[in-house]
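> Next one to model:
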Amino acid sequence: MVAGKMRFPSGIRFVEKNDIHKHIKSFVSEMDEFTLADYYRWSLEENSHVIVREIDGNISAILYLSIHDDHIMIEMVVRNKELVSSKGSGGDLIKAVETIIARYYEKNEIRLEAMEQVADYYAKFLKYEKYGEPYKDPDWGLLVPMKKLLSRF
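This next block holds a predicted model:
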């Protein structure tokens with residue numbers, strides 16, 4: 001099992017079945033359509049992982065990713081707006097993808113499609129670059145393709 005082979009910092013772990021009864025509320029209403037049961041189900045799919053940031057027994061953020069031949073795709077990141085202490089939790093999970101999961105899979109490129117309102121955050125604070133043209137998604141609005149090249153391992 002992969003989960004036993006990756007070591008995360010304290011407070012970051014893979015989603016577990018007993019998490020499906022916990023609650024997380026996003027800053028984006030479209031993301032609230034998905035429950036922790038959905039994330040757990042996605043974690044069971046081939047080439048997919050879901051990691052959580054936990055603070056005092058509460059999930060402060062969750063990240064869903066997929067592994068591809070030449071990159072890792074961050075599919076969704078949600079920070080729990082109901083926890084004041086959740087600030088920075090999504091960034092913690094992205095850093096775990098970059099430093100632990102990417103290294104484990106020997107991938108040096110992370111991709112994501114940022115919602116327009118957070119694209120500048122990814123560029124400024126997490127050093128992701130825009131590539132390709134932004135496009136209008138019927139559910140998510142304007143999405144900005146972004147990527148980050150990591151140094152070789």
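
> all strands for the protein, in order.
With strands called from DSSP state E, the chain shows them at 12-14, 48-55, 58-67, 72-79, 109-115, 129-130, 135-137, 141-149.

> Just want the angle from the last one to strand 72-79.
When you say that, I think you mean strand 141-149. 120 degrees (axes from the mean of the first three to the mean of the last three C-alpha atoms, to 10 degrees).

> Next, the residues that contact strand 141-149 from outside, please.
The contact list for strand 141-149, computed with C-beta atoms under 8 Å, 6 or more residues apart in numbering, reads 71, 98, 108-116, 119, 122-123, 126-137. No exception for glycine: its C-beta is placed from N, CA and C like everyone else's.

> If any of these are buried, put those into a PyMOL selection.
Typed into PyMOL, the next command selects the buried ones out of the contacts of strand 141-149 (criterion: 16 or more other C-beta atoms under 10 Å):
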select buried, resi 71+98+108+110+111+112+113+114+115+119+122+123+126+128+134
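
> on that earlier part again, which one of the strands of the chain lies closest to S85?
The minimum distance between S85 and the strands of the chain falls on strand 48-55, with 5.1 Å, by C-beta to C-beta.
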